[in-house]
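Student: what follows is a predicted protein model with its sequence.
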Amino acid sequence: MDILRLATAGSVDDGKSTLIGRLLYDTKSVFTDQIESVERASRDRGDDYVNLALLTDGLRAEREQGITIDVAYRYFATPRRKFIVADTPGHIQYTRNMVTGASTADLALILVDARKGLLEQSRRHAFLATLLHVPHLVLCVNKMDLVDYSEAVFEQIRADFTQFAAKLDVGDLTVIPVSALVGDNIVTRSTAMSWYEGPSLLHHLENVHVASDRNLIDVRFPVQYVIRPQSDLHRDYRGYAGQVAGGILKPGDEVMVLPSGFTTTIRSIETADGPVEEAFPSMSVTIRLTDEIDVSRGDMICRVNNAPAVTQDIDAMVCWMDDAPLRPGQKLAIKHTTRSARAMVKDLHYRLDINSLHRDMAADHLGLNDIGRVRLRTTQPLLCDEYKRNRSTGGFVLIDEATNRTVGAGMVNEAR
Amino acid sequence: MSRNYQLTQLETLESEAIYIFREVAAEFERPVLLFSGGKDSIVMLRLAQKAFHPARIPFSVMHVDTGHNFPEVLEFRDRRVAEVGVQLVVASVQEALDRGFVQAPPDGTRNRIQTPVLLEALEKHQFTAVFGGARRDEDKARAKERVYSFRDEFGQWDPKNQRPELWNLYNGRIHLGESIRVFPLSNWTELDIWQYIEQERLELPSIYYAHERTVFDRNGMLYAANEYCVPKAGEETFTATVRYRTVGDASLTAAVLSDADTVAKVIDEVASTRITERGATRGDDKFSEAAMEDRKREGYF
């Protein structure tokens, strides 16, 4: 059994909460005391129906205002897979929450109301999912029961979306007609839509192939922690602990350590359960090298002929997450893999309108939830790849040095 | 580990937790791990051992001792700490009561007064990062919590003002007096915990498995009759075969009827149960819809 991380975005109107509620309910992941609590709360609020949104909206303010404020994580499992759902609010003022949820997702689930067709919001969600390079996209055309299960309605929405998606970098797109309320095509194939020949949503989630989404080609091992036991038993032990960010490492491999550029070979790859013959993403292992060279946290182990860029000049898309805007000239802390440095905003190339994808070249700042292309100069070289090639070595966060708040998320465009 | 370079669910969760332990050890001067002798903290201690192997765990463990303990658990705590070779710091609620630092509420429960005792201990020992075993599947408020949960100088959680957490990049920057609560088990479920206990052959206090106990029914939950939890008039005691799904303050934690006396049977039971872990066993979360959120705002875990 493996894990699939999925991100959903949408508002109550789309039926997103009903859809998640349905998945949880039909996989027996909702417990009777949770249902009782939701029923009680729905009654207290005077709702006519059991409001499944209350299953996920856990904060007092969310219940009071009937909105989702923050990312909520939900868990369910089938015999095939365990699922981690990052459930995020869909409105434009919560773009940063959706970006956060999508950053670790294998699959993004986008909902469209069959009666309303493709709205600005769905386009925005699709754009953000592709910006964060979520490898698989699923468009659920919901509320099919309210359009008489019309194939024509479904096909029109699918055509509209496919046309829009052609402008984006969508890896894998699946479009499924569903009714979350009734349960059509959620867990089992619906009998009401014989014209639809694809899988049910759950069948797709259980079977979508995610192993090949990881970069198994470019060896990247950011050194996280140096293990030196300093005990009689392990007097000369020096191990470099970290999580594999790309490629497959094996004992005997010739490797290079950046930024120093020293080369050596892997002596062994160890875990607390014993040595392993190979390490791949996202294993946490400890690497021992043949030669005693100076390696510390923030360094990167890679192959001699396949190294990340070593650069202080970063060209990146940045999603801004703070009330105080980003402006050229600003200095920030930057965190990238296991490396921390300071960065200065050299230039704001443009701000992107995330609804129209129009580039505003005259923009002089990025406000809360804005996305723009930014050039940064860092105090120390970062060891980075293009985000599209490797999400682990291409993503970074920006931190305000005075407030310590996380104020921005960046994705490296091209690394030279 | 399969040849298709895909980790199993337990391998993924273990790797993520080890990464978090190492990240905190690298970036904080004085982390501490909360260890109560409960199942989640036992899993935490094993993960911490694995993260720094073959070196020792580079931080201490702490127990906020309410004084209302199950003796089996306290005995286990001390034995396990000695086996692992870590230093144990005990923050005692009883001692805090004795010197008047906290006052017991009229009902005698000590859940709420744990928080000031915890905060005082963190300050006294200058612990800036505190590992806790909380999981997001436990509660609605916890479902919204970050892996690195920022707390101000009062230990307060502000759910509307949390730091965005992207990829595996955690922001641990704090000012003097502030701290970070760290939850390496965020993405684990109760079932994952038990499957890991089975895989790692972890020993647990005996009360997690079915045994006979004198209990009484209060608000539909089975409490052990003991010095901290005395049945009121009309609450009949009887002998039942029970086990504990969670282990907390002995005056607040209820047992469940169960015949599961092995790990495998517990896994079957957890996989088929229709009631959540806290819903079945915790008197403290029954007060209101937002009981956990309110306590977390005050500095609780």
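Tutor: Now that the structure is in, tell me what you want to look at.
Student: use CA for all of it now, contacts and neighbours both
Tutor: Will do.
Student: how about low-confidence regions in chain A?
Tutor: For chain A, residues meeting the criterion pLDDT under 70 lie at A:10-13, A:48-69, A:415-416.
Student: can you give me the helices for it?
Tutor: Secondary structure of chain A by DSSP state H: the helices cover A:16-26, A:32-45, A:53-56, A:60-65, A:95-102, A:120-131, A:151-165, A:201-207, A:391-394.
Student: can you add distance to residue B:186 and give those helices back as CSV?
Tutor: Putting these into CSV (distance: least, C-alpha to C-alpha, whole Å) gives the following:
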stretch, distance to residue B:186
helix A:16-26, 19
helix A:32-45, 19
helix A:53-56, 16
helix A:60-65, 21
helix A:95-102, 15
helix A:120-131, 23
helix A:151-165, 34
helix A:201-207, 22
helix A:391-394, 20
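Student: so which of these is the most surrounded?
Tutor: helix A:95-102 (a mean of 27; mean count of other C-alpha atoms under 10 Å in any protein chain shown).
Student: packing partners for that helix?
Tutor: strand A:2-10, strand A:81-89, helix A:120-131, strand A:309-320 (3 or more C-alpha pairs under 8 Å, 6 or more residues apart in numbering or on different chains; DSSP states H and E).
Student: give me every residue that touches the one residue in the stretch 151-300 of chain A that gets nearest to chain B.
Tutor: Nearest residue of the stretch 151-300 of chain A to chain B, counting by C-alpha to the nearest C-alpha: residue A:229, 4.0 Å away. For residue A:229, the contact set (C-alpha atoms under 8 Å, 6 or more residues apart in numbering or on different chains) comprises A:235, A:237-238, B:54-56.
Student: ok, 6 Å please
Tutor: By C-alpha atoms under 6 Å, 6 or more residues apart in numbering or on different chains, the contact list for residue A:229 reads residue B:55.
Student: near chain B at all, stretch A:310-322?
Tutor: No - counting by C-alpha under 6 Å from any C-alpha of the partner chain, chain B is not contacted by stretch A:310-322; separation bottoms out at 8.0 Å.
Student: residue nearest the middle of chain B, spatially speaking?
Tutor: residue B:133 (4.7 Å; C-alpha atoms, centre = their mean).
Student: surely that residue is in contact with residue B:40?
Tutor: Yes - applying C-alpha atoms under 6 Å as the test, residue B:133 and residue B:40 come out as touching, 5.5 Å apart.
Student: hmm, residue B:33 and residue B:61 touching each other?
Tutor: Yes - Residue B:61 lies in contact with residue B:33 (C-alpha under 6 Å); the separation is 4.5 Å.
Student: quick one: which of those two has more around it?
Tutor: Remark: of residue B:61 and residue B:33, residue B:33 carries more neighbours, 25 against 20, as counted by other C-alpha atoms under 10 Å in any protein chain shown.
Student: surely the more buried one touches residue B:134?
Tutor: No - with contact defined as C-alpha under 6 Å, residue B:33 does not count as touching residue B:134 (12.0 Å).
Student: residues from the stretch 301-416 of chain A in reach of chain B?
Tutor: Residues of the stretch 301-416 of chain A lying near chain B (C-alpha under 6 Å from any C-alpha): A:404, A:406.
Student: one more pass at 7 Å, please.
Tutor: A:404-406 (C-alpha under 7 Å from any C-alpha of the partner chain).
Student: out of these, who has the most neighbours?
Tutor: residue A:406 leads these on contacts (other C-alpha under 10 Å) with 26 neighbours.
Student: show me what contacts the nearest residue to that residue once chain neighbours are set aside?
Tutor: Excluding the flanking residues, the one nearest residue A:406 by C-alpha to C-alpha, 6 or more residues apart in numbering or on different chains is residue A:399, at 4.5 Å. Residue A:399 makes contact with A:332-334, A:405-408 under the criterion C-alpha atoms under 7 Å, 6 or more residues apart in numbering or on different chains.
Student: again, but for residue A:372
Tutor: Here residue A:372 is in contact with A:317-319, A:350-352, A:366 (C-alpha under 7 Å, 6+ apart).
Student: most widely separated two among those?
Tutor: Farthest-apart pair in the contacts of residue A:372 is A:319 and A:350; separation 12.2 Å (C-alpha to C-alpha).
Student: and these two? which has more neighbours close in?
Tutor: A direct count of neighbours by other C-alpha under 10 Å for residue A:319 and residue A:350 places residue A:319 higher, at 29 against 20.
Student: for the nearest residue to the more buried one once chain neighbours are set aside, list each beta-bridge partner.
Tutor: In space, and not counting its chain neighbours, residue A:319 is closest to residue A:371: 4.4 Å by C-alpha to C-alpha, 6+ apart. As for beta bridges, residue A:371 partners with residue A:319, residue A:352 under DSSP bridges.
Student: and if you look at residue A:263?
Tutor: Here residue A:263, judged by DSSP bridges, has bridge partners residue A:256.
Student: chain center to stretch A:295-304, what's the gap?
Tutor: 25 Å (C-alpha atoms, centre = their mean, to the nearest Å).
Student: which outside residues touch it?
Tutor: A:219-226, A:254-259, A:338-339.
Student: out of those, which are buried?
Tutor: A:219-226, A:254-259, A:338-339 (16 or more other C-alpha atoms under 10 Å in any protein chain shown).
Student: quick check: residue B:19 is in a strand.
Tutor: No - counting by DSSP: H, G, I helix; E, B strand; the rest coil, residue B:19 is not found in a strand; it is helix.
Student: wait, it touches residue A:282, no?
Tutor: No - counting by C-alpha atoms under 7 Å, residue A:282 is not a contact partner of residue B:19; they are 9.8 Å apart.
Student: any idea how many residues pack against the closest residue to residue B:50 other than its chain neighbours?
Tutor: Leaving aside its chain neighbours, residue B:50 sits nearest to residue A:272 (5.1 Å; criterion: C-alpha to C-alpha, 6+ apart). Residue A:272 has 14 neighbouring residues, counting by other C-alpha under 10 Å.
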